[in-house]
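Enquirer: Got a predicted model here, sequence first, then my questions.
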Amino acid sequence: MNLTEYWAALEEGDAQLAVKLAERALEDGEPLLDVLDVVCAAQAEVGRLWAADEWNIAQEHRATSISEEVVDALANRVQPTERRGSIVITCADGEWHALPSRVLSTAFRGSGYAVTFLGASVPARHLAQLLHEVGPDVTAISCALATRLPAAREMIEASRGAGIPVLIGGRGFGTDGRWGLALGANAWAPDARSAVRLVERGGLPVFVTPPPRHRAPADVLALLRRRRTEIVHESLQRMMADVPTVARYNAYQRGRAEEDLEHILDFLAAALYVDDASVFTEFIDWLREVLTARGVPTTTLVEGLQIVSAVLASEAGPYDRALDILRLGAELLQQPDAKT
């Protein structure tokens, strides 16, 4: 399938044409995985355009919805000639970016696997019940946001507790899967093609024991979760008083600033959960790019991190590690090559 033609269909919001292009590619003998690669490449561009503030949320949602229709149409077209095994594919609890897992489901169906696709946001206890009913060879978990790592850990525990190995994918597990592997996943794959190849060649154990115990800093995590609303409110009030650009924000801009502060705390908690500051610093680097595209100077983000640090430092609690991570985020933004 030609990427240029497919992209034109997404830009125009023409779902019928996009589906027709994909189905025609299959009819012409193009491998399913190649067609899915085009869909994924286009979706990556959709994300880039949104981050660069060249597309709004409605445009992004429209394109994503079309790609979901395309992947569903491809899934209905595939007719594997052999059965190789079974797999349950799901998103982490609280994860609503379902398209990557839908692509994975279609890729495995086309490769001859019996697939149970659960879609977005499945609670771990419900996954555990289904795994005992279905008895798959593999559980695949997709996670786009690192803030869902605690939920992903529960799902890994549910699967491995049932003796079923876990394959993970998605940026939320780290660019190399390191955060998910640290939580007990058995393997990571960067994309659907790699995932299918890994399972086909026997890259996962047949049976696993429960994962090793994960030692998360429960005290500070509990404090951050319990005090999240108050910390965000206090930080925003201080920013409105001390940061001139924020003082001039209208109601809409204040709402977006509040959301950014919530995300900062959530990614801080995720970094503490896996004891890896890069969870936070990678998010901060991404947030800098998104805010810069929307006219928010890097200095404002730096001041925001410093104010959050000051709020935490003023509270009683074991925040030393959290303060260290916030400092690393601010230092990253102040490097010479950081955009202002």
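Expert: Received the coordinates, thanks. These numbers were taken from a predicted model, which means no experiment stands behind them.
Enquirer: Which of the helices or strands spans residue 118?
Expert: Secondary structure assigned from DSSP states H and E places residue 118 in strand 113-119.
Enquirer: now swap in residue 24 and tell me
Expert: Going by DSSP H and E, residue 24 is part of helix 15-27.
Enquirer: tell me the mean pLDDT for that helix?
Expert: On average, the pLDDT along helix 15-27 is 95.
Enquirer: I'd like to know which elements the helix or strand following that helix is packed against.
Expert: Once the chain leaves helix 15-27, the next helix or strand it forms, by DSSP H and E, is helix 32-51. Helices and strands touching helix 32-51, as assessed by 3 or more CB pairs under 8 Å, 6 or more residues apart in numbering; DSSP states H and E, comprise helix 3-12, helix 15-27, helix 57-77, helix 99-110, helix 192-200, helix 278-293. The way it works is simple: take the backbone N, C-alpha and C, and place the C-beta from them, glycine included.
Enquirer: now those as CSV including distance to residue 44 and mean neighbour count?
Expert: As requested, those are exported to CSV (distance: least, CB to CB, whole Å; neighbours: other CB atoms under 10 Å):
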stretch, distance to residue 44, mean neighbour count
helix 3-12, 11, 16
helix 15-27, 16, 17
helix 57-77, 11, 18
helix 99-110, 11, 25
helix 192-200, 13, 20
helix 278-293, 14, 18
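Enquirer: Output those in TSV; the columns should cover distance to residue 34.
Expert: Output for those, formatted as TSV (distance: least, CB to CB, whole Å):
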stretch	distance to residue 34
helix 3-12	11
helix 15-27	8
helix 57-77	11
helix 99-110	11
helix 192-200	9
helix 278-293	29
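Enquirer: and residue 228, which of those helices is closest to it?
Expert: Shortest distance between residue 228 and the helices and strands packed on helix 32-51, using CB to CB, is found for helix 278-293: 15.4 Å.
Enquirer: Would you mind getting the angle between the closest one and helix 32-51?
Expert: Interaxial angle, helix 278-293 versus helix 32-51 (axes from the mean of the first three to the mean of the last three CA atoms, to 10 degrees): 60 degrees.
Enquirer: for the record, mean pLDDT for helix 278-293?
Expert: Within the predicted structure, the mean pLDDT of helix 278-293 is 96.
Enquirer: mind checking how far it is from the chain centre?
Expert: Relative to its parent chain, helix 278-293 has a centroid offset of 14 Å by CA atoms, centre = their mean, to the nearest Å.
Enquirer: now swap in stretch 245-254 and tell me
Expert: Counting by CA atoms, centre = their mean, stretch 245-254 is centred 28 Å from the centre of its parent chain.
Enquirer: Now tell me what touches the helix holding residue 24 from outside.
Expert: Identification of contacts with helix 15-27 by CB atoms under 8 Å, 6 or more residues apart in numbering yields 1-2, 5-6, 9-10, 32, 34-35, 39, 65-67, 69-70, 73-74, 77.
Enquirer: can you check stretch 122-141 too?
Expert: Among residues not part of stretch 122-141, those counted as contacts by CB under 8 Å, 6+ apart are 85-93, 101, 104, 108, 116, 118, 151-152, 154-159, 161-162, 164-169, 180, 185, 195, 199, 204, 206.
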